[in-house]
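>>> got a structure for you, letters missing:
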């Protein structure tokens with residue numbers, strides 16, 4: 001049986017049971033339960049459940065502002081919600097908030113750097129390309145998985161192509177291709193974790209276009 005804070009539905013009974021258990025839970029764990037439940041609902045990509053997830057995350061941020069551990073992840077997940085709703089301006093704003101918060105509280109690092117960068121490039125917000133390039137270059141040396149390297153190098157290739165730096169664009173395109181074709185993660189105990197399973201056709205097209 002799934003944990004009470006990992007529901008994939010939100011009937012009236014689900015809601016009543018969730019908040020009943022939440023109110024009985026230790027106060028220092030409630031923010032985490034709200035965040036986890038929101039993430040579970042976001043993963044369904046159901047329109048109505050996205051709205052519920054948004055409400056849960058806003059409740060977490062408003063009622064538990066002192067919870068530093070879960071705040072960055074909550075902000076990043078709000079970005080995910082608005083991206084799924086195709087509200088890209090708001091999604092970028094929340095990803096940026098998550099990034100800014102990670103500078104204050106670096107103990108928890110999210111994928112906001114990549115989600116923000118990808119959204120900026122895909123919406124052709126060229127006035128933010130310098131910022132995104134800096135973000136990606138700062139993260140590049142710490143990337144662990146081929147899937148991350150594939151996306152980061154693809155985005156850097158597109159940015160460099162936009163700036164007319166063809167040699168750099170070609171180099172990053174080659175690095176992206178190497179990562180996309182990697183069959184293992186390079187990790188001893190998680191051999192296939194983080195390998196590219198589905199290529200991003202949009203990125204591939206714009207990396208290759210002349």
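Structure's in. What do you need? Everything numeric in this text was worked out from a predicted model, so none of it was measured.
>>> Tell me which residues touch the closest residue to residue 208 other than its chain neighbours, please.
Excluding its sequence neighbours, the residue lying closest to residue 208 (CB to CB, 6 or more residues apart in numbering) is residue 173, at 7.5 Å. To be clear about C-beta, it is placed using only N, CA and C from the backbone, and glycine gets the same treatment. Residue 173 makes contact with 153, 154, 157, 207, 208, according to CB atoms under 8 Å, 6 or more residues apart in numbering.
>>> Is it possible to mark the buried ones in the residues you listed?
153, 154, 157, 207 (16 or more other CB atoms under 10 Å).
>>> Now the phi/psi pair for the residue positioned nearest the centre of the chain, please.
Taking CA atoms, centre = their mean as the criterion, residue 111 is the residue nearest the geometric centre of the chain, at 4.0 Å. When quoted as degrees, to the nearest 10, the phi and psi of residue 111 stand at phi -90, psi 10.
>>> So what touches stretch 116-129?
For stretch 116-129, the surrounding residues in contact (CB under 8 Å, 6+ apart) are 79, 83, 88, 91-92, 95-96, 98-99, 131-132, 135-136, 151-152, 155, 158-159, 162-163, 202.
>>> which parts of it are buried?
Within stretch 116-129, the residues scored as buried using 16+ other CB under 10 Å are 116, 117, 118, 119, 120, 121, 128, 129.
>>> Using TSV, lay out these together with distance to residue 186, secondary structure and pLDDT.
Compiled in TSV, these are given as follows (distance: CB to CB, whole Å; DSSP: H, G, I helix; E, B strand; the rest coil; pLDDT from 0 to 100):
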residue	distance to residue 186	secondary structure	pLDDT
116	26	helix	98
117	23	helix	98
118	23	helix	98
119	28	helix	98
120	29	helix	98
121	26	helix	98
128	32	helix	97
129	30	helix	98
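>>> hmm, back to that, would you mind confirming that the residue nearest to the centre of the chain is in contact with residue 77?
No: contact criterion CB atoms under 8 Å: residue 111 and residue 77 do not qualify, at 10.2 Å.
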